[in-house]
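generate a structure from the sequence data that follows.
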Amino acid sequence: MRITQTAQALAERTLGAYSVNGYRNWRGVAQALLSYGLTERQAEAVMWSKWMRWAADFDKSGARYGRHTSKAIIAFLDNSTITSRELNNLVFETFGDEQ
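Residues are numbered from 1 along each chain as shown. Below is the predicted model:
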């Protein structure tokens, strides 16, 4: 499946996420996370998580609610001290042992 198709499916699966309305293009967020190198499962966990809210809160672009872009979450991931272990824990907390 191409990354754009995967991103579309991922965006559709996470339409109930808390931060979905804070971002201009939710599919763009999914695509950016996948392009960043996250697995589909990791990207989905991030999209469901409070990390999306934190990324919007710390967005330096000056974007208002509903206008944040995928750059906010990528900048958050680049500038945070989140480790791969924390990312793996987030996936486990989100999905448990689900495959």
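
for Ser35, grab the count of nearby residues.
For Ser35, the count of nearby residues is 13 (other CB atoms under 10 Å). Glycine gets a C-beta too; all of them are placed from N, C-alpha and C.

who's in contact with the closest residue to it other than its chain neighbours?
Among residues not flanking Ser35 along the chain, Ile3 sits closest, at 6.7 Å (CB to CB, 6 or more residues apart in numbering). Counting by CB atoms under 8 Å, 6 or more residues apart in numbering, Ile3 makes contact with Gln31, Leu34, Ser35.

now those in CSV, with distance to Trp51 and secondary structure?
As requested, the contacts of Ile3 are exported to CSV (distance: CB to CB, whole Å; DSSP: H, G, I helix; E, B strand; the rest coil):
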residue, distance to Trp51, secondary structure
Gln31, 17, helix
Leu34, 16, helix
Ser35, 17, helix
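
quick check on the residue nearest to Ser35: phi, psi?
When read as degrees, to the nearest 10, the backbone of Ile3 gives phi -60, psi -40.

Trp54 and Gln8: what is the separation?
Here Trp54 is placed at a distance of 25 Å from Gln8 (CB to CB, to the nearest Å).

scratch that, Ser61
To Gln8, Ser61 is 25 Å away according to CB to CB.

so these two - more neighbours on which side?
Gln8 (16 against 11).

who are the contact partners of that one?
By CB under 8 Å, 6+ apart, the residues touching Gln8 are Arg27, Ala30.

tell me which element it falls in.
In the assignment (DSSP states H and E), Gln8 maps to helix 3-13.

helices along the protein, start to end?
For the chain, the helices defined by DSSP state H occupy 3-13, 26-36, 40-48, 51-57, 70-79, 84-95.

and the fourth one, what does it pack against?
In this case it means helix 51-57. Using 3 or more CB pairs under 8 Å, 6 or more residues apart in numbering; DSSP states H and E, the elements in contact with helix 51-57 are helix 70-79.

give me that answer again for 10 Å
Under the contact criterion of 3 or more CB pairs under 10 Å, 6 or more residues apart in numbering; DSSP states H and E, helix 51-57 touches helix 26-36, helix 40-48, helix 70-79, helix 84-95.

give me the buried positions along it.
Trp51, Met52, Ala55, Ala56 (16 or more other CB atoms under 10 Å).
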